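K.L.:
just to be clear, the model below is a prediction. Sequence and coordinates:
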Amino acid sequence: MKRIFGLFYVVALLFACGGCGRAEKPVRFVVVGTGAVTGVYYPAGGAITRLVNNKFYEHRIKATVVPSYNASTANLKAVDCGKNEFGIAQSDTLGYAYDGRREWDGHPRKNLRSVFALHPESLALVASERSGVRRLEDLRGKAVRMSSPASDLVLPEVEQVLSTVGLTPQDLRSKPLKEVDCPAKLQAGEIDAYFYRVGHPNANLVEVSSGAEKVFVVPIANAGVDSLLRECPFYCRAVIPRAFYPNIMNASDIPTIGVNAVFFTVDNMDDDVVYAFAKEVFENFDQLKSLHPALASLCREDLLKGLTVPVHPGAMRYYREAGLDKLIEGAPATGVSK
């Protein structure tokens, strides 16, 4: 009798574990660092996690997003120390960290790995009407937001863009501010202008252009910018559509420069988990595009351009299976052979 009961228990246990003696894969919980809830990183990260979570019974992954401020740097640090499994950061910031430059001077983060790129991020220079700023040259002596209070480093592209017209950050009156505080400060006259690199459309620019003080988005286009684009391959030409911000003073779209936002992780992240993220994003690409206006104009090949750190082996496994590996541009070769 005991033997019959024991046999019944074993058979029941096998059925509970999925039958035929196969135990289900353990559930993996992963966190994706994004950006401010008013920006593009947060909804873009939410769209990506939704695609993966929709295939829970295939991948056994539960993904969630968390907002962050000073997003690229904060996400890099959170992923590097293991607090978050994935993050979104600008391609140039990832490149600086990987090489050990700027904030990471002498401390390269060679463990960083790309998964795919997302939308381009354009550098917006927003100026109040009262400031009289209509060209980059007009910034001399003005009160301008060029950095965050969390860092005393001027945004790298701001320093380079200023140099194209013979200016340095010291020629301006720097006002370190969080991006979220810039619209109110500009409307109150406490700053004349602010630089903000972001995907478009963006709630910050909608807010600042809806106030009593009219605003102008300054074009970033000149012969010096042309040279900068040739010297720094992680920058690209970009356009801020005027249609996104009907209240601005500009009469047409605004030319500028930009970088790619990149979905990234670290080299010791489980290959199967990274594979799942790459697979679901590419195989549900049209659905991804429909989830935010900043993603609407993307082409599949755009997701493999502007990668400034090596591609994670898990992502590379999917790209090779799908015949996409030859479309990858910019990523160093280290870490892609697996």
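P.N.:
Received, thanks.
K.L.:
mind listing the helices for this structure?
P.N.:
Ranges of helices within the chain are 2-16, 41-53, 56-59, 71-80, 91-99, 156-163, 182-187, 203-208, 223-231, 271-283, 285-289, 313-321, based on DSSP state H.
K.L.:
for the fourth one, packing partners?
P.N.:
Pointing back at helix 71-80 there. Using 3 or more CB pairs under 8 Å, 6 or more residues apart in numbering; DSSP states H and E as the contact criterion, the elements in contact with helix 71-80 are strand 28-33, strand 86-90, helix 91-99, strand 112-128, strand 254-266. C-beta: built from backbone N, CA, C; applies to glycine.
K.L.:
average model confidence for the shortest one?
P.N.:
When pLDDT is averaged over strand 86-90, the result is 94.
K.L.:
gap between that strand and the chain center?
P.N.:
5 Å (CA atoms, centre = their mean, to the nearest Å).
K.L.:
neighbouring strands of that strand in the sheet, and parallel or not?
P.N.:
As defined by DSSP bridges, the strand partners of strand 86-90 come to strand 28-33 (parallel), strand 254-266 (antiparallel).
K.L.:
among those, which comes closest to residue 322?
P.N.:
Evaluated with CB to CB, the strands paired with strand 86-90 place strand 254-266 nearest to residue 322, the distance being 16.7 Å.
K.L.:
which ones are touching the closest residue to residue 56 other than its chain neighbours?
P.N.:
Spatial nearest neighbour of residue 56, chain neighbours left out: residue 62 (6.9 Å); criterion: CB to CB, 6 or more residues apart in numbering. Applying CB atoms under 8 Å, 6 or more residues apart in numbering, we find residue 62 in contact with 27, 28, 29, 30, 53, 56.
K.L.:
cool, and residue 180?
P.N.:
If a contact means CB under 8 Å, 6+ apart, then residue 180 has 36, 38, 69, 204 as its contacts.
K.L.:
about what we covered before: just say which of the helices of the chain is most tucked in.
P.N.:
Per residue and on average, the most neighbours among the helices of the chain fall to helix 91-99, with a mean of 24 (mean count of other CB atoms under 10 Å).
K.L.:
give me the number of residues near the closest residue to residue 172 other than its chain neighbours?
P.N.:
What sits nearest to residue 172 in space, not counting adjacent residues and going by CB to CB, 6+ apart, is residue 144, at 4.7 Å. In terms of burial, residue 144 registers 26 neighbours under the definition other CB atoms under 10 Å.
K.L.:
give me every residue that touches residue 144.
P.N.:
Contacts for residue 144 (CB under 8 Å, 6+ apart) come out as 172, 173, 174, 175, 191, 192, 193, 194, 195.
K.L.:
and what of residue 228?
P.N.:
160, 161, 163, 164, 235, 257.
K.L.:
mind checking the helices of the chain for the one nearest to residue 215?
P.N.:
It is, among those and with distance given as CB to CB, helix 203-208, at 5.6 Å.
K.L.:
packing partners of that closest one?
P.N.:
strand 112-128, helix 182-187, strand 193-198.
K.L.:
residues in contact with it?
P.N.:
Taking CB under 8 Å, 6+ apart as the criterion, the residues outside helix 203-208 that touch it are 38-39, 124, 126, 179-180, 182-183, 186-187, 196, 198, 215, 217, 244-245, 248.
K.L.:
hang on, the earlier thing: save the helices and strands packed on helix 203-208 as TSV, and put in mean pLDDT and distance to residue 287 too.
P.N.:
Compiled in TSV, the helices and strands packed on helix 203-208 are given as follows (pLDDT from 0 to 100; distance: least, CB to CB, whole Å):
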stretch	mean pLDDT	distance to residue 287
strand 112-128	92	15
helix 182-187	97	32
strand 193-198	92	23
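K.L.:
same list, the ones you listed, but as TSV with distance to residue 322 please.
P.N.:
Written out in TSV, the entries for the helices and strands packed on helix 203-208 read as follows (distance: least, CB to CB, whole Å):
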stretch	distance to residue 322
strand 112-128	12
helix 182-187	41
strand 193-198	30
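K.L.:
before we move on, back to that, JSON lines for the helices and strands packed on helix 71-80, including distance to residue 312?
P.N.:
JSON lines is the format used below for those (distance: least, CB to CB, whole Å):
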{"stretch": "strand 28-33", "distance to residue 312": "13"}
{"stretch": "strand 86-90", "distance to residue 312": "10"}
{"stretch": "helix 91-99", "distance to residue 312": "13"}
{"stretch": "strand 112-128", "distance to residue 312": "4"}
{"stretch": "strand 254-266", "distance to residue 312": "6"}
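K.L.:
the spatially most central residue of the chain and residue 201, how far apart?
P.N.:
Against the mean C-alpha coordinate of the chain, by CA atoms, centre = their mean, the closest residue is residue 261 at 3.2 Å. Relative to residue 201, residue 261 is positioned 15 Å away (CB to CB, to the nearest Å).
K.L.:
repeat that for residue 73.
P.N.:
Computed with CB to CB, the distance linking residue 73 and residue 201 is 24 Å.
K.L.:
still on that earlier bit, go through the helices and strands packed on helix 203-208 and name the closest to residue 274.
P.N.:
Between residue 274 and these, the tightest spacing by CB to CB is seen for strand 112-128, at 6.0 Å.
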